[in-house]
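> Provided below for reference: sequence and predicted model.
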Amino acid sequence: QVRLDESGGGLVQAGASLRLSCAASEDTVSNYDVGWFRQAPRKEREFVARSSRKDGSSYYADFVKGRFTISRDNAKNMVYLQMNSLKPEDTAVYFCAATIVTFATTPGNFHYWGQGTQVTVSS
């Protein structure tokens, strides 16, 4: 059973940085593609970033390119999302997810989810 536990969310001012962490169950990070999604109130869950297990490549939603960085530590079974230059519109619950589908970006293609961590950015 794959387990994912996010942490690191909080309340920050616009322009600040946060690093989200996702602790995964054993061997998850090395055997799955892992990604981050977010969901704001009254909005659908949307893709933020993904890291491929095959080649280590990363892929980002346009609205976070240049500001967010996804990384993984296979030995520690950890996935991170470094978020810089945060904006009020980044306010959402952020979810870590894992999938066996290669290069997936849609929520329906991710099989395992964490409970989420709240990120609130004030103006």
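Everything's here; your move.
> let me see the contact set for the closest residue in space to Arg67 that isn't next to it in sequence.
Leaving aside its chain neighbours, Arg67 sits nearest to Ser85 (4.8 Å; criterion: CB to CB, 6 or more residues apart in numbering). Yep, even glycine has a C-beta here, placed from its N, CA and C like the rest. Ser85 is in contact with 15, 17, 67, counting by CB atoms under 8 Å, 6 or more residues apart in numbering.
> doesn't Ser85 lie inside a strand?
No: Ser85 is assigned coil when assessed by DSSP: H, G, I helix; E, B strand; the rest coil, not a strand.
> could we number from 21 for the rest of this?
OK, 21 is where the count begins now, so the last one is Ser105.
> pLDDT-wise, which helix or strand of this protein ranks last?
Every helix and strand in the chain was compared by mean pLDDT, DSSP states H and E; the lowest is helix 48-51, with a mean of 85.
> who's in contact with it?
Contacts for helix 48-51 (CB under 8 Å, 6+ apart): 22-24, 54, 73, 92-94, 97-99, 118, 120, 132.
> list buried residues within these.
Among the contacts of helix 48-51, those classed as buried by 16 or more other CB atoms under 10 Å are 22, 24, 54, 73, 92, 97-99, 118, 132.
> thanks a lot, catch you later.
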